[in-house]
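> just the structure for this:
(2 chains)
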2 protein chains.
Amino acid sequence: MKTQIKGNYVIGDSDAVSSLYESGGFGRLRDDSLQLRFVEAAYLLSRGKISVLKNGAELDFDAFIQFAAQQEEFFELKYIVYKDLKERGYYVQSSATDFRVYPRGGKPGKGSAKSYVYVRSERMPILLSELLGLINEAQNVRKQFILAVVDEESDITFYDVKRADAVGRFEGGMSAPYPAEAEKETPVKAVLFKERVILADQETADLLYNRAFFGKKMDDERLLLSLPEALYLAESGVLELYEMDGKKLSNEAFSENAARIDSEFLKKYVIYKELKEKGFVPKTGFKFGTHFRVYRKVESLDKIPHSEFLLNAVSPEYEFKLPATSGAIRLANSVRKRMIYAADLGGRREYVEFERIKM
Amino acid sequence: MKTQIKGNYVIGDSDAVSSLYESGGFGRLRDDSLQLRFVEAAYLLSRGKISVLKNGAELDFDAFIQFAAQQEEFFELKYIVYKDLKERGYYVQSSATDFRVYPRGGKPGKGSAKSYVYVRSERMPILLSELLGLINEAQNVRKQFILAVVDEESDITFYDVKRADAVGRFEGGMSAPYPAEAEKETPVKAVLFKERVILADQETADLLYNRAFFGKKMDDERLLLSLPEALYLAESGVLELYEMDGKKLSNEAFSENAARIDSEFLKKYVIYKELKEKGFVPKTGFKFGTHFRVYRKVESLDKIPHSEFLLNAVSPEYEFKLPATSGAIRLANSVRKRMIYAADLGGRREYVEFERIKM
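Down below sits the predicted model:
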């Protein structure tokens, strides 16, 4: 079946309409003719279903994809993903977000598309703001947003990317961020000891550690708190912070100190605080290479559950470098946790969750 | 038992020698007296075994550790690790590399230390060159080198760090880097297609893919090669490289192109090439967030084994940022692979392996 390149499309006649559009779901109708995107044409050409003419001369597959790759940005990536989806048996339509994919059993004209698939090379970072825009677009029309990353060996990894609250309320199970008994009339004293804080009041240490999983016991009397834990408890009125030489530290001064010790402190603390307020139990994610590992609820230290998700706090300008993102998601999923990136967008926090999926 | 601070030590008398040194392995002898390091004194003080005098006045535990933290760099980190090791029942001696740890059943005067333990905060990066120096020191006296990383919550993660060839010859099981039949009198043509290379010769494609796991099949005729795979095969004389417009590309020009597409290409390619020469099968590690996943041997694509290690190619000036390093090691270990960092130090390649261990 003969088709012709016109502008950014490959055009087929009324025969093409009946055999390719009506029975195969390829292309779109334009008057009486069929308009195919370059990826669709390349796929049909590779299967011998069409021939493609350019100014009257036939192009073979290699010549056509070289032409298409020069005309259309990211053609080669889109072709790799389109072909993969077709070979898995999906109906796929070109759209603004690269592809609309129909659920198994569905096709154009029969039900609606389930997912938007967005194609990206592993080499091109994605801005958080761009990703949020794409998720919003999909969410507004109740579609699943799928990021398809093509790696240097042309393998594809698919990620379902969504807001963390898309799968249910995003909240923990703690009834309070710390035991009420820890709040005394005079807050207990805690000392900034280099990069950590020592709380040397046995009763408060036991309450905070045993009932809310704050800190790590140094010995029977003392609790070592991390910088976010200490600031949170100081802001809550449970602790008063001091320097080693006995000088009182205001919460503001402590926060400045903490930001000198850890350049990411302020970004992390905003999220730490909101997670506490949502009833979660955030602890360091160092062993997983993330800022936090987060428990839904810790009722007793005798049976600490698995943490539910790993979380990185990022800036509003954050760029996902896809190889690093891939590693973080793979690690989280391999230990059966969710992987979440959180950013404070000035007044509103966004929690974006990535899950590797098989198509 | 009374002890006194003198300079950077805490000094005990002959009673201390018999009760602490001879039976407990604490400190070192200096004439008739016992010389304790600050971490040892803090540990003994916390257990009520000694009292510590400074200019005649007794210091309690909190006052002593504050004093010690001001006198000795990283005292607080070393104390956290020392105490942990002691509580696990190890004999521990202070040394240049922070601690010497005796094997279970051993102690000072009975056998020799098994490991050097080096203590680091998660916040302080380690230069590759520094790490290699430390590994060398340990290796020269046949000790295990252990890196103890203290995270922000004062938890410790221990890593056994060694040269990858310390556990046996570092080599793969392939008899040749590619099937000899793939080498023709006239090398076959391959085309640089944006970020990847298309080899459209079915016979060579099948040989390279089926017998040496090069590339990924695009369709029955064509193989998509990654940039390092393509350059390696071109340098070996299997391929000739062309641009899309049909212009011949020298290997040098291809390499320059590749370095523009992937700023890490040259660093990765040196290692890729050596791994091939050692008989390994390196493939992209994108799914794991690393440069490569590496198989010892792939005999048939019907039964691809698990890859044996993940590898990042780094520069000689590389700095390990410990949270990211921790994540990479955890992921590798959780999928039962080794984690290796490789650098080209000008003529010599170093392969450094990290393994998380429990003490």
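> in stretch A:340-355, what counts as buried?
Neighbour counts over stretch A:340-355 (16 or more other CB atoms under 10 Å in any protein chain shown) mark A:340-344, A:349-354 as buried. Backbone N, C-alpha and C define where each C-beta goes, glycine included.
> off-centre distance for that stretch?
Put simply, stretch A:340-355 sits 9 Å off its chain's centre (CA atoms, centre = their mean, to the nearest Å).
> over to stretch A:217-229?
Chain-centre distance of stretch A:217-229: 32 Å, with CA atoms, centre = their mean.
> so what would you say the end-to-end distance of that stretch is?
In stretch A:217-229, first residue to last residue: 14 Å (CA to CA, to the nearest Å).
> quick check: buried residues in that stretch?
A:218, A:221-229.
> what's it in contact with?
With CB atoms under 8 Å, 6 or more residues apart in numbering or on different chains as the contact definition, stretch A:217-229 has outside contacts at A:190, A:195-202, A:204-205, A:208-209, A:214-216, A:233, A:258, A:261-262, A:265, A:268-269, A:272-273, A:282, A:284, B:46, B:80, B:152-154.
> quickly note the distance from A:Thr128 to chain B.
In this structure residue A:128 is Leu, not Thr. According to CB to the nearest CB, to the nearest Å, A:Leu128 and chain B sit 18 Å apart.
> okay, now that residue: neighbour count?
A:Leu128 has 19 neighbours, counted by other CB atoms under 10 Å in any protein chain shown.
> any of the contacts of stretch A:217-229 buried? List them.
In terms of neighbour count (16+ other CB under 10 Å), the buried residues within those are A:190, A:195-201, A:204-205, A:208-209, A:214-216, A:233, A:258, A:261-262, A:265, A:268-269, A:272-273, A:282, A:284, B:46, B:80, B:152-154.
> so of the contacts of stretch A:217-229, which ones are in strands?
Counting by DSSP state E, the part of these found in strands is A:190, A:196-199, A:216, A:282, A:284.
> filter these down to the ones near chain B?
Contacts with chain B within these, counted by CB under 8 Å from any CB of the partner chain: A:196, A:198, A:216, A:284.
> so what pLDDT did A:Ser23 get?
Per-residue confidence (pLDDT) for A:Ser23: 83.
> go on, A:Asp302?
Reported pLDDT for A:Asp302: 89.
> can you tell me the SS state at it?
Here A:Asp302 is helix, with the state taken from DSSP: H, G, I helix; E, B strand; the rest coil.
> tell me, how many residues neighbour it?
With other CB under 10 Å as criterion, A:Asp302 counts 6.
> any idea how far it lies from chain B?
In terms of CB to the nearest CB, A:Asp302 sits 18 Å off from chain B.
> who is the closest residue to A:Ala113 other than its chain neighbours paired with across the strands?
Leaving aside its sequence neighbours, A:Ala113 sits nearest to A:Arg100 (CB to CB, 6 or more residues apart in numbering or on different chains; 3.7 Å). Note on A:Arg100: beta-bridge partners by DSSP bridges are A:Gln93, A:Tyr116.
> re the thing from before, now for the ones in strands among the contacts of stretch A:217-229: which two are most distant?
The span of the ones in strands among the contacts of stretch A:217-229, defined through CB to CB, is set by A:Ile198 and A:Pro282 at 20.7 Å.
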